[in-house]
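>>> sequence plus the predicted model coming up.
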Amino acid sequence: MSNQSGIGVAFTGSGSAAPEAVLDNENMSRVVETSDEWIASRTGIHQRHLAAPGESLKQFAAQAAQNALNMAGISAADVDLIILATSTADDLFGSASQIQMAIGAHRAAAFDLTAACSGFVFGMVTAAQYIRTGAYQTVLLIGADVLSRWVDWGDRRTCVLFGDGAGAVVMQASSVGDRLLGFELRSDGSLSNYLTLAHEGQPRELVDDVAIGQGSYQPIQMNGQEVYRFAVRKVPEVIEKALFRANLTVEQIDWLLLHQANQRILDAVADRLALPKEKVISNMARYGNTSAASIPIALDEAVRAEHLKPGDVIASAGFGAGMSWGAAIFQWGK
């Protein structure tokens, strides 16, 4: 994808954080009628981290952000912009500015971006535009969600899937190359009923002829079969489009890093792209589906384990509610 400005994007640090409390599949069977065999065989998930009542999204996001800053070797004062990809902010007006204050990034502008499980990829592309135009030098991109707040713990089709956590990357301007090689973003609102966390208002009459709908949100509702069909059809396609924009082929991919929704989806996408399983990054067995946090958590673990090395070509894709989906082809490092 052409970049006319001559300013490139580098990925200089990563970090992640998750609650200490872990609910494994054996204990999940005490919450809802299920079993480890039922969950693991259908999803690949064995446990998930869950935020305690007194814990907040801000807490995990700030910890992940600080870990990323430490790896990048910069301070929070160096950050120009914070983008928080989340669907479960502590405050409906947004949590990015709370994280900005928590880490001491006093110079940074901060805003929330909501694209559900695609949020981190959408956020990466958004951050890159600010850097490529020269508007900002250093962007802190965070993906964080606390989905346990909005799960129906009596619905075994959904409650077994989701976990809580946060991941972050530092993206900085570079004069020696552009590490974001290509991307493709898509949305289709006609499919939005497949996965929802919808507002449910009860009529309240204020005065004659003036009424409002006042209420909260329904728990997460999902048509799992349709989401699976959607993902295995659309994700390989959007990755191939992003590769075309990057002028690369599937054979040049070092790692496939997908939103960690379901191991069967990861396997199906890898098969359709003819990628060997050893190139697929997966940690959902230990985290479950953490929505916008899933890609950066898996990325950070791969970097810190030294599986993923500077210069490696990563094909990443997010997909989920909206419906939204997107892919980014990038190289790790400066």
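Structure received.
>>> buried ones in stretch 115-133, by neighbour count?
Buried residues in stretch 115-133, counting neighbours by 16 or more other CB atoms under 10 Å, are found at 115-128, 130-132. To be clear about C-beta, it is placed using only N, CA and C from the backbone, and glycine gets the same treatment.
>>> scratch that, stretch 107-116 is what I was asking about
108-110, 112-116.
>>> endpoints of that stretch, how far apart?
End-to-end distance for stretch 107-116, by CA to CA, to the nearest Å: 27 Å.
>>> how about the residue nearest to the spatial centre of the chain, secondary structure?
Computing the C-alpha centroid of the chain and ranking residues by CA atoms, centre = their mean puts Ala292 first, at 2.2 Å. Three-state call for Ala292 (DSSP: H, G, I helix; E, B strand; the rest coil): helix.
>>> please apply the same query to Leu23.
Leu23 - assigned by three-state DSSP - is strand.
>>> quick one: it and Ala51 touch, right?
No - contact criterion CB atoms under 8 Å: Leu23 and Ala51 do not qualify, at 11.2 Å.
>>> give me the more crowded residue out of these two.
More crowded of Leu23 and Ala51, by other CB atoms under 10 Å: Ala51, with 23 against 18.
>>> and the more buried one, that's in a helix?
No - under three-state DSSP, Ala51 sits outside any helix and is assigned coil.
>>> so who does it touch?
Contacts for Ala51 (CB atoms under 8 Å, 6 or more residues apart in numbering) come out as 19, 21, 57, 60, 146, 148-149, 164.
>>> switch the residues you listed over to TSV; also include distance to Ser175 and neighbour count.
Below are the contacts of Ala51 laid out as TSV (distance: CB to CB, whole Å; neighbours: other CB atoms under 10 Å):
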residue	distance to Ser175	neighbour count
Pro19	40	19
Ala21	45	13
Leu57	35	26
Phe60	34	27
Val146	38	29
Ser148	43	21
Arg149	43	17
Asp164	38	28
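>>> need the max-distance pair from those.
Greatest spacing in these, by CB to CB: Ala21 and Leu57 (14.9 Å).
>>> show the pLDDT at Ser5.
pLDDT for Ser5: 66.
>>> Glu33 now?
94.
>>> distance check, it against Gln225.
Applying CB to CB, to the nearest Å, the value for Glu33 to Gln225 is 20 Å.
>>> try Val280
Val280 is 23 Å from Gln225, by CB to CB.
>>> low-confidence stretches in the stretch 1-150 of the chain?
Under the criterion pLDDT under 70, the flagged ranges of the stretch 1-150 of the chain are 1-5.
>>> could I get the full set of strands for the stretch 201-334 of the chain?
Using DSSP state E, counting those that start in this stretch, the strands of the stretch 201-334 of the chain run over 210-217, 221-222, 255-258, 313-320, 324-331.
>>> got the buried residues for stretch 223-240?
Applying 16+ other CB under 10 Å to stretch 223-240 flags 224, 227-228, 230-232, 234-236, 238-240 as buried.
>>> over to stretch 261-269?
By neighbour count on 16+ other CB under 10 Å, the buried set for stretch 261-269 is 261-263, 265-266, 268-269.
>>> just the C-alphas of that stretch, formatted as PDB.
Provided in PDB are the C-alpha atoms of stretch 261-269 (Å, rounded to 0.1, in the frame of the first residue of the first chain):
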ATOM      1  CA  ALA A 261     -12.200 -16.600  18.900                       C
ATOM      2  CA  ASN A 262     -12.200 -20.300  18.300                       C
ATOM      3  CA  GLN A 263      -9.400 -22.800  17.500                       C
ATOM      4  CA  ARG A 264     -11.500 -24.300  14.700                       C
ATOM      5  CA  ILE A 265     -11.700 -20.900  13.000                       C
ATOM      6  CA  LEU A 266      -7.900 -20.500  13.200                       C
ATOM      7  CA  ASP A 267      -7.400 -24.000  11.800                       C
ATOM      8  CA  ALA A 268      -9.900 -23.500   9.000                       C
ATOM      9  CA  VAL A 269      -8.400 -20.100   8.000                       C
END
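>>> got CSV for the buried residues of stretch 261-269, with pLDDT and distance to Ser75 too?
What follows is the buried residues of stretch 261-269, written out as CSV (pLDDT from 0 to 100; distance: CB to CB, whole Å):
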residue, pLDDT, distance to Ser75
Ala261, 96, 35
Asn262, 96, 39
Gln263, 96, 38
Ile265, 97, 39
Leu266, 97, 36
Ala268, 97, 43
Val269, 97, 38
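>>> turn those residues into TSV, columns for distance to Trp153.
Formatted as TSV, those follow (distance: CB to CB, whole Å):
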residue	distance to Trp153
Ala261	19
Asn262	19
Gln263	22
Ile265	23
Leu266	26
Ala268	28
Val269	29
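>>> taking these one by one, which sit in helices?
Of the positions in these, 263, 265-266, 268-269 sit in helices, assigned by DSSP state H.
>>> surely Arg204 meets Ala211?
Yes - counting by CB under 8 Å, Arg204 touches Ala211, with 6.3 Å between them.
>>> okay, which residue of the chain is out on the far edge from center?
Farthest-from-centroid check, the chain (CA atoms, centre = their mean): Asp208, 45.3 Å.
>>> and the gap between that one and Gln202?
Taking CB to CB, one finds Asp208 at 19 Å from Gln202.
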